[in-house]
Every structure is written in C-alpha cells, then in structure tokens.
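J.: can you look at this prediction? I've put the sequence above it.
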Amino acid sequence: MGEVIHSLNDSAVFTTAAGLLIKQWPGEDTGVVFTTAERKTHLISPLAATILELSRSGNSVSGLLAQWTEPDAPTAQHAGQQVLFEDEYSSEEHSRNTLSEAVQGLIQAGLLRRLG
Amino acid sequence: MTSTVGELGYREICSLLRSDQGLRLKTGPFGNRIRSALPQVAQAVANLYGNYPLLQKDDFIDFDVGVSRPSGLRRWWQPQVSFQLDGNAPFNPLPGDQGFPLLEWGLNWCVYGMCHQYLILHAAVLERGGRALILPAPSGSGKSTLCAALLFNGWRLLSDELALLDPVSGQCIANPRPVSLKNESITVIGELVSDIEFGSRVHETSKGTVAHFAAPKAAVDSASSPAWPAWIVLPRWQAGSALKLQPLDKARTLMHLVENAFNYDVYGAEGFELLSQVVTRSACFSFEYSDLGEAIACFSKLSHQAGDGLASSSLGWSTSG
Amino acid sequence: MSNPEQPPPPVGLVQVLKQPGLALSLKAAAWSHILQEARATGLLGRLAHRLQGEGLEALATCPAAMQGHLRSALRVHRAQHEEALREARYIDLALAQLDAPVVLLKGAAYVVAGLPAAAGRVFSDVDIMVPKDRLAQAESLLAMHGWMSTEQSAYNQRYYRQWMHELPPMQHLQRMTVLDVHHRILPLTARMQPHPELMFATAVPLPGTRHLHILSPTDMLLHSMTHLFVNDDMSHALRDLSDLDLLARHFSRDEGFWPQLMTRAQELDLVRPLWHALPELHRVWRTPIPTAVLQQLSALGPRRPVAAAMRWIWRQVFAPTRPPGTRHADSWSSAAAMAALYLRGHWLRMPPMLLVRHLSIKALGLHRSGTKQPPL
C-alpha cells in the first residue's frame, strides 16, 4: 500500500520500509526483495537495491546524489552510479530526475516510506 | 527385514486393498494406507508399487486414502471415481475409470496441501553423486519427459513432481513414486527406453492419455537418502530447436522458484532465505532442447563438473544447429 | 459401567488436549488416529500448540513423521496469525473515516486481542461488525481500499441485504484475503433477536488501533455460542467448542463472570444457545462451570422430548471421527444428526415461507457456481 507522490523535492526524506530483505548477487542486473509487511517478493534493479540499502536509516534525493559522487563509494553503489552516469554528458539534473523517479517508484511499491 | 509389496502376490494385494485394513506401504517419508475395491486400481498398484516397503498394522500412517465409486444411482449408467482422505471426499468425483491417476493425484495433493514441514516446489528432482538437480516448471514445459529420460540414464529419481526442501538441513528429501507421462511423451519415452513397462494407461482424462511407469527399484531403495541442491535448470522443450544451456541470473532463478513453490506464503521470510540459500549454492541455467539424446548427454556432462556454488557463467554452453 | 475385562478405549484427540501428559505413552498407531481426528476437526494446530506449551512437541516417543505434521501445523498457524494482524491493520486504516466502532469478531478477534483461544487457531476469513447505519459507508470505504464483493448472483445479493446479518463476503483484490462485514450477530429473520446496540455499547477498544474493538467477554462467549449452536455449518464444531472452552476458562478467572453471563444472555435473548452450550462444554472439555449455573440453566431449556433430541444431536456432532475400520452405526446417526441440524439451523434463522424458497433454490443450484475440482 504505497502513497501516491505527485512531486518529490530534493529535501524530502524517505526511509527503507521496515522488514525488507534484499538479495543481490555480484555481477547480476537484478536483485530480489522480500517485504515482510506484505509478504511479497519482487525483482528489483541494482539502482533500486542500492537506494534501499543507502536509505535504511533515512535519506533524501540530494543525499543520495552526494553519496554517489563520493570518490570511494562502495562497489555496490557503482552499479547505481553506472545507471545514473552512463552518459558522461548527463547533467546533474538528469541524474536527480532519474533518482527522483526511482525513489517515487519505490515509495509507490511500498518499499520506501516518506518521512515528513 | 522389511518385505515389499511385490512379495505379497497379486491376489493378496487385491484382498488387502478391499479390506478394512488396507494395503499399507511407505513412499519416501510417508506412510500410506490405501483402500480400493476397483480392479483397475489393484492392477496398477500391483504393477507400480511392487518395490515399496510394506508397513505393519502398528506403524505410523500419514495418509489414509481410498478410491471408490461413489454410491448412488449414478454408478449404474455413468460410473465415477472418488478420492477419499481419512474417509472424507475432498473433491468432486471424476468420470469413468481414472481410478489410478486419481489416486496418484490425490497422494500428491496430500503432500503439497498438508506437509508444510517441507517447502515444496513444483519441480522434478534427480540426484547424482549426492547432488540434486532441480527442474522447476509448470506442466507443459517438457519437465516430465526430461525427468523420465534422465532417470534411466544415470540419475536417481527423487520426485517427478514435488521437490521437498527440508528447511532445517536445506536438503531435498526423496519421495519417488510412479512417474506419469502424457500423450506424446508416452511414445517418446517408450521409444527411448526399450524395456519400459507402463503399469497403467488411462485414455479419457481431461489431459488426454495418462500413463504411469514404476520408479526404478534403486530409487525406491534409496528413498531415505536426501541430496544437496547443486543445479537448478529451467527446462523448455521446443520442437526443432537446437540445444541451449544458458546460465541464468540467480535473482531470476530465485523468482522462478518463488513462483513454483506451493507453500511459499506459509514460509514467508524464512522461505525467502531458504530459497536464496538454495540458489546461492546451485549452478542455475535455462535449458532449451528438442532432442532427448542430446539432452541426456548435456546433463551427463553437467554432472561431471566440479563443486557447489560455482559462478554459473563458467558452465553454460550450446550446440550449433 | 465399563466391563473390567475390556481394554480401555484408545486415547484420542480430545483426551490428549485435556491431558497432554497422555502423549508420553502413545504408540505410533494411536498417533495416526489422533492425526486423523485432528485433521478432520481442524484441531491440529491447537494440538501442536498445546503440546509445545507443555514442552512435549519433540517427544522421543512421538514418531518423527507425526512431529513433522505438528511442525507443519504450527507453521501454518503462525503464518495465518501474522496475516490476521496485518489484515486488522489494513482494515483499521481503511475505515479510519468511519465514525463508529469496528468490532472484530471470532478468530481474528482472538488473535489481535491475544486471547488463549487464538492458540493454534487456523481460519480463513476476517469478520468485523459495524453499526447498520454505517454499513453503506463502510462498504464504500472498503471498496476504495481494494475490497470487492465476491457474490455474483443477484438473488444472493438481495437475500443477503434483505435478510442476513452480514454482507456477502468481500475479497481484497491484491491480497486475496476475505472479509465478512456484519451488522448484527444473527439474521433479521432469526427467532432470537439480540440487539446490536447493546453489544456495541459494551465493546472494548483494542489498544494500539484507531477504531478496532472486540466484544465484551460475556458477549464474545455468547456470540461464539450462538454462531455454533444456531449455525448450519458444523464442519468445525469440535474446534468451535474448544474455542468456547478456552474463552470460558480465561474469562471465568473473574469471579463475577458466570452471573454476568446469565444476566447478559437474558438481556440479549440468547439464553437458548447458552442452554445448549454449557452442558456440552462440561461434557466434552470438562470446562469448570459452577453447578448452580447449570442447574439454573436446566430450567430454561425446551420441552423434555426436544431437549433429549437436541442432546443426542450434539453428542453426534461433537464426536471426533471414529477410529477407521469401526462399523458404521455412527455414520448413520451422524448423518441423521447433520440433516436435522441443517434444517434446524435454517429454521432458527428464517421464517418457514422464506425457508422453503431458499432451500429449493439452493438445492437446484441456481444461485452459485463453484465446485471443488481435483488437482489434475
């Protein structure tokens, strides 16, 4: 049961829904998530999996962007970075929009919760 | 020493099936008490359950089942057969003489409907060298035909329909029972295995012709030996196609297992963890074939490859043309 | 008086539930029999729970196969309880704007309120009760949140809305869970008319929820008794009686409970179900009921021949399945009892003219499709 979000600005904070189990195997282009609240199992993209992991204790779109541009971001995030930055000419605005859409999708699927 | 059903002789088998006592035999981990007055059932049971161990009157019985003609006027002009568990009929009767297929389907229903001490997949399971090959697939994928071919070519049958995963050990539990084939598969396997005997052949089921052959004696004798999951292969028979064994993402394999699990909902998060472990330790593939001989050779090659948990990408191959 | 030379009757499910220690001396054949009784009566979960509560579920003397079935039942029961808690949360959320109490009934109530009767209880639907004047609003709020009526037949829809105490079952589109929405505990056509306003007035709010309530202890017991002794669905009779036993034992720890129960039964016009239930509870489950209460009740029953007939019927209904292989004097009597109860159940809930029309439509199968197909 997700909320319908009409707009998500940079500072809106969200957090990973409680009781999510995420499995990813190295080198694969999908992961799997189990939601204990709804007992549903979904295939998810590495970007989605990374957003969920990074947001376990709260995050925002701008927060995610900042973490992604960190030089020593851990390996798991590189998959997300690749998606975001695949086009070296893609602007920060493009990346922000991609992230924002991904976050909204996850909120609608009930995997992320919006806080305030 | 436990005696087997076959040592009883046909007449005594019939007599036990007709009696209140019933014919008591063990299949995999389950004790069954079977009662039926129908000759077609007695014949099939005698042909297909000869190797199974007999149980004593005091032994534990998991399923008390029966197949009979329901009483009433209909039995004279439109005979039907009905399955009972514990004396109750959980389904509507079927028309005609499908008594033995109904018994088999009923026994499967008892397992996947009531045995949640196992996480149960709709899959065939075969073993070689202590390791299990799991073929998860719905009907129509060619899994039954492939399973039948493999169990005559170097693989031990654990089950042709229901993979029983033990949540504590993570192993596949063996439950070999008569193997069913439908329509063209009957012909194909009949040609492949020259001395195969179909102990029951019924024509008018909703799925066409259904025939059963006995699980090999070696499989029944080893039914108390579980196996470690090592390969998960999603089969697809496609007329005229070239053989293709391709590595499959573990994430997608996991979803496939979830979709083919009977009681995943009952297991919840624990089921997710268990299936993730099975997928992690197994080499995962999709498989397309049209020629059974090639398929048998392919799986034989697979079984000679080393170890658990190898990255699937190193193990895939395909034949050309 | 039992013949001293005959072997004692086999220990069955009811005995083990009353005295779990008996499980220590059971042989494999006895366990097979108990498994059958437990499956037939829907009490396998309760048995598993009871044995686990006494630390007996992994008995050395219990066959590994039986232990497997007990583990299986515990697993199913745990999954269903979690589902009930989840559904209760969703219902609470969906009916947030309903300005009225939402009373959880039956199994879901036991689970959410953490009552002993939840032990090992398996069930498929969630039942709630809302005031009749809020029924339309409740229905539309539920529809907005994904529940849809399952009843296709126009006849049944009309029948439900005109006469019944509940809407046709609603099913959630995504979760596939089923919800029964009641507005009273018996149909409008029933011979007994417990006033729902009285039950709403004493309903107890559930902490941690917005609007969810459960019935007061006396009302919960009376509702459960009414459901069992007026209903025509006896498929879980012994289990329902076991629920009553657990509820009664729990609530009667309060000394004032029995007199309150008697008074309340009179207020709610539910003395007859009480008259049926208490002696059966005592007979089958040895529920500790004060003798004074039983005596007071015995004067409030139907005429002697009817009373005797009813006692005989309940004796058949509450017997677990007989050991396999015993001859079928029982099956005739249980069939006769069931037939009598079916008609009686309808008679209690519906006036004669409607009854005839309803039964004939049901018999001709004109109102509903849906048969159980074998798993081919």
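T.: Here it is on my side, so go on. Numbers count the residues shown, from 1 in each chain, chains lettered A, B, ... in the order given.
J.: low-confidence ranges, the chain, go.
T.: Chain wasn't specified; assuming chain A. Scanning chain A for pLDDT under 70 picks out A:1-8, A:69-90, A:116.
J.: you looked at the wrong chain, it should be chain C
T.: C:1-9, C:57-58, C:189, C:231-235, C:320-376.
J.: what about the longest helix in it?
T.: helix C:64-94 (DSSP state H).
J.: check contacts around the residue most central in space within chain A.
T.: The centre of chain A sits closest to A:Ile51, judged by C-alpha atoms, centre = their mean, with a distance of 2.4 Å. Going by C-beta atoms under 8 Å, 6 or more residues apart in numbering or on different chains, A:Ile51 touches A:59, A:64, A:80, A:99, A:102-103, A:106, A:112. Yep, even glycine has a C-beta here, placed from its N, CA and C like the rest.
J.: nearest to B:Ser286, of the residues you listed?
T.: Of all the contacts of A:Ile51, A:Gly80 has the smallest distance to B:Ser286: 27.1 Å, by C-beta to C-beta.
J.: so for the longest helix of chain C, what gets flagged as buried?
T.: C:65-77, C:79-84, C:86-92, C:94 (16 or more other C-beta atoms under 10 Å in any protein chain shown).
J.: again with stretch A:50-70
T.: Buried residues in stretch A:50-70, counted by 16+ other C-beta under 10 Å: A:50-55, A:59-61, A:63-65, A:67-68.
J.: got any ranges where the stretch 201-321 of chain B has weak pLDDT?
T.: Using pLDDT under 70, the stretch 201-321 of chain B drops low at B:306-321.
J.: just the element for C:Trp314, please.
T.: helix C:304-317 (DSSP states H and E).
J.: now do the buried residues in that helix.
T.: By neighbour count on 16+ other C-beta under 10 Å, the buried set for helix C:304-317 is C:310, C:313-314, C:316-317.
J.: tell me, what residue is most central in chain C?
T.: Using C-alpha atoms, centre = their mean, the most central residue of chain C is C:Asp240, at 3.8 Å.
J.: surely it meets C:Leu228?
T.: Yes. Contact criterion C-beta atoms under 8 Å: C:Asp240 and C:Leu228 qualify, at 4.4 Å.
J.: how many residues are close by B:Gly129?
T.: Applying other C-beta atoms under 10 Å in any protein chain shown, we find 12 residues neighbouring B:Gly129.
J.: relative to B:Leu234, how far out is it?
T.: For B:Gly129, the distance to B:Leu234 equals 22 Å [C-beta to C-beta, to the nearest Å].
J.: that older thread, give me the next element, helix or strand, following the helix or strand harbouring the residue nearest to the centre of chain A.
T.: When elements are assigned from DSSP H and E, A:Ile51 belongs to helix A:46-54. Using DSSP H and E, the helix or strand that follows helix A:46-54 in sequence is helix A:61-68.
J.: interface residues of chain B facing chain A?
T.: B:249-252, B:254-255, B:258, B:264-265, B:268-269, B:272-273, B:276, B:280, B:311, B:313 (C-beta under 8 Å from any C-beta of the partner chain).
J.: filter the residues you listed down to the ones close to chain C.
T.: The subset of these within reach of chain C, by C-beta under 8 Å from any C-beta, is B:265, B:268.
J.: can I get the buried part of the residues of chain B next to chain A as one PyMOL selection?
T.: Remark: buried members of the residues of chain B next to chain A, expressed as a PyMOL selection using 16+ other C-beta under 10 Å:
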select buried, chain B and resi 249+250+251+252+254+255+258+264+268+272+276+280
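J.: one step back: any chance of the contacts of A:Ile51 in a markdown table, plus distance to B:Pro53?
T.: Listed next are these as a markdown table, based on distance: C-beta to C-beta, whole Å:
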| residue | distance to B:Pro53 |
| --- | --- |
| A:Asn59 | 60 |
| A:Leu64 | 62 |
| A:Gly80 | 57 |
| A:Leu99 | 62 |
| A:Ala102 | 58 |
| A:Val103 | 60 |
| A:Leu106 | 54 |
| A:Leu112 | 55 |
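J.: so which of these would you say is closest to B:Leu25?
T.: Taking C-beta to C-beta as the measure, B:Leu25 lies nearest A:Leu106 of the contacts of A:Ile51, at 53.0 Å.
J.: so that closest one sits in a helix?
T.: Yes. The assignment for A:Leu106 by DSSP: H, G, I helix; E, B strand; the rest coil puts it in a helix.
J.: could you report the neighbour count for the closest residue to it other than its chain neighbours?
T.: Distances taken as C-beta to C-beta, 6 or more residues apart in numbering or on different chains place A:Leu112 nearest to A:Leu106, at 4.2 Å, with adjacent residues excluded. Residues near A:Leu112, counting by other C-beta under 10 Å, number 26.
J.: so what sits opposite A:Leu112 in the bridge?
T.: Going by DSSP bridges, A:Leu112 is paired in beta bridges with A:Thr16.
J.: gap between it and A:Leu65?
T.: Using C-beta to C-beta, A:Leu112 is found at 16 Å from A:Leu65.
J.: returning to that earlier point: so which elements touch the host helix or strand of the residue nearest to the centre of chain C?
T.: Using DSSP H and E, C:Asp240 falls within helix C:237-251. Contacts defined by 3 or more C-beta pairs under 8 Å, 6 or more residues apart in numbering or on different chains; DSSP states H and E place helix C:237-251 against helix C:28-41, helix C:217-230, helix C:271-285.
J.: at 6 Å instead, please
T.: If contacts are counted by 3 or more C-beta pairs under 6 Å, 6 or more residues apart in numbering or on different chains; DSSP states H and E, helix C:237-251 sits against helix C:217-230, helix C:271-285.
J.: closest to C:Val126 out of those helices?
T.: Set against C:Val126 and scored by C-beta to C-beta, the helices and strands packed on helix C:237-251 come closest in helix C:217-230, at 14.8 Å.
J.: thanks again, I'm all set now.
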